[in-house]
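>>> Sequence below, structure please.
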Amino acid sequence: MLRQSVRVGGMSSLALTKLDVLDGLAELKICTGYRVDGVLRDDYPAGLAERGRVAPVYETLPGWQESTRGARSLDALPEAARAYVRRIAELAGAPVSLISTGAERDDVIRLADRGCRRPAAERR
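Got it, this is the predicted structure:
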């Protein structure tokens, strides 16, 4: 649904909030598609009749045990957290421009043209 929202809403980038609440999870699941009557689809079905027969398809990524709380740079995040952020950007088709890592106002990573963008060929 995120990919659809990016396309329909014309979003130029994403704000990924509460990354710190994922700390300590052994693995993370990201919905990458939907299966309807055995057929794999990229987008969530628009028709009401199909919605009752939808099964999400998940990709599993490794989690991280280190704390991300209060991180203020991409380099301060565990590699698995950076991989998660990159994968979200790839799947959504939009770069991540902001990541919040805690409850404090300054617990934010602001990204410009760093490593969480979709490939250049897809940005045209």
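
>>> Which neighbouring residues are in contact with residue 17, exactly?
Contacts for residue 17 (Cβ atoms under 8 Å, 6 or more residues apart in numbering) come out as 99, 100. To be clear about C-beta, it is placed using only N, CA and C from the backbone, and glycine gets the same treatment.

>>> What's the separation between it and residue 88?
12 Å (Cβ to Cβ, to the nearest Å).

>>> Which of the helices or strands spans the residue of the chain most remote from its centre?
Most distant residue from the mean C-alpha position of the chain: residue 49, 28.1 Å away (Cα atoms, centre = their mean). Here residue 49, judged by DSSP states H and E, is contained in helix 48-51.

>>> per-residue pLDDT, the most centrally placed residue in the chain?
The chain has residue 88 as the residue nearest its centroid, 2.6 Å off, counting by Cα atoms, centre = their mean. pLDDT recorded at residue 88 is 96.

>>> Need the contact partners of the strand or helix carrying it.
Here residue 88 sits within helix 79-92, counting by DSSP H and E. Outside helix 79-92, the residues that touch it by Cβ under 8 Å, 6+ apart are 2-3, 6, 14, 16, 19, 22, 28, 30, 32, 59, 61-64, 66, 68, 74, 77, 95-96, 99, 115-119.

>>> Buried only: go through the residues you listed for me.
3, 6, 14, 16, 19, 28, 61, 63-64, 68, 74, 77, 95-96, 99, 116-118 (16 or more other Cβ atoms under 10 Å).

>>> returning to what we had before: would you mind putting the CA coordinates of the helix holding residue 49 into PDB?
Output in PDB follows, covering the C-alpha atoms of helix 48-51 (Å, rounded to 0.1, in the frame of the first residue of the first chain):
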ATOM      1  CA  LEU A  48     -14.300  -4.900  -2.800                       C
ATOM      2  CA  ALA A  49     -15.000  -8.500  -4.000                       C
ATOM      3  CA  GLU A  50     -11.300  -9.300  -4.100                       C
ATOM      4  CA  ARG A  51     -10.400  -7.800  -0.800                       C
END
